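> Kindly generate the corresponding structure for this input.
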Amino acid sequence: MWWLVALQNPLKPKAGMVPYAERLDAARAMARHPNIRVLDIEARTGTFYTIDTLRVLKQCFPRVQFVWLMGADNLAQMSRWRRWTKIFGLVPIAIFDRAPYSFDALAGKAAHAFQRFQLRTKDAHHLVEQKAPAWIFFHTRLHPGSATKIRARRAQIRAQPVSEPQPEARRKPSSA
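Now for the predicted structure:
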């Protein structure tokens, strides 16, 4: 699995965004499985939008059957992405449930537009073989973490005053 760290999400403000190098390092620290490779493909190729990144990947690796992995939060707002319908046409997509986005994701514009191409979860092992458009929504055990919470925690830590180091108490020489 290739974990692509985006340079900047065009739908999120740059203010408060953790620097790219730090996000790349954090992703590498979290990827604790030997089959997960954290890559800086967008930084290397100069792509900014998912559609462009996918096109470059398909061009560079024409024999690879890619499956795009993303969270339900992205499906919920995918209709705001550049050429989002083309993304569905380029690669099969696996979408993973994320609290509290599942209802909005499955009721959203993208899910409705491609509803007839949704596969059943029991057919997941065939997703990589499917011709796009094809997608699956996985209802999974939910993890409470989010980038928003991480950014809020980082801001909170930075806002805390740094306390001055206390001088060590002077010891009286012991009399022997």
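
> Show me what the helix or strand hosting Ala43 packs onto, helices and strands only.
Assigned by DSSP states H and E, Ala43 falls within helix 41-45. With contacts defined as 3 or more CB pairs under 8 Å, 6 or more residues apart in numbering; DSSP states H and E, helix 41-45 has these neighbours: strand 2-4, helix 50-60. C-betas here are computed from N, CA, C, even on glycine.

> pLDDT on the last one, on average?
For helix 50-60, the mean per-residue pLDDT is 96.

> Could you report the separation of Trp81 from His125?
Going from Trp81 to His125 by CB to CB, to the nearest Å gives 27 Å.

> any idea how far the nearest residue to His126 once chain neighbours are set aside is from Phe138?
Nearest residue to His126, sequence neighbours excluded (CB to CB, 6 or more residues apart in numbering): Leu119, at 7.3 Å. Taking CB to CB as the measure, Leu119 falls 11 Å from Phe138.

> quick revisit: can you tell me what sits against the helix holding Ala43?
2, 4-7, 20, 47-48, 53, 56-57 (CB atoms under 8 Å, 6 or more residues apart in numbering).

> Save those residues as CSV, and put in distance to Ala110 too.
As requested, the contacts of helix 41-45 are exported to CSV (distance: CB to CB, whole Å):
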residue, distance to Ala110
Trp2, 22
Leu4, 19
Val5, 23
Ala6, 18
Leu7, 23
Tyr20, 27
Thr47, 21
Phe48, 20
Thr53, 18
Val56, 22
Leu57, 20
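
> Just the buried ones among those, please.
Listed as buried from the contacts of helix 41-45 are 4-7, 47, 53, 56-57; burial here means 16 or more other CB atoms under 10 Å.

> Sort out which one of those residues lies nearest Ala99 for me.
Of all the buried ones among the contacts of helix 41-45, Ala6 has the smallest distance to Ala99: 21.7 Å, by CB to CB.

> how about that closest one, what does it touch?
By CB under 8 Å, 6+ apart, the residues touching Ala6 are Glu42.

> name the element it belongs to?
Counting by DSSP H and E, Ala6 is part of no helix or strand.

> May I see the domains of this structure written out as residue ranges?
For the chain, the structural domains run 1-48, 64-143, going by automatic domain parsing.

> can you redo the ones you listed as JSON lines with distance to Ala159?
As requested, the domains of the chain are arranged in JSON lines below (distance: least, CB to CB, whole Å):
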{"stretch": "domain 1-48", "distance to Ala159": "12"}
{"stretch": "domain 64-143", "distance to Ala159": "26"}
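
> Looking at those, which one is packed in the most?
The highest mean neighbour count among the domains of the chain, using mean count of other CB atoms under 10 Å, belongs to domain 64-143: a mean of 16.

> average pLDDT for it?
Mean predicted confidence for domain 64-143 is 93.
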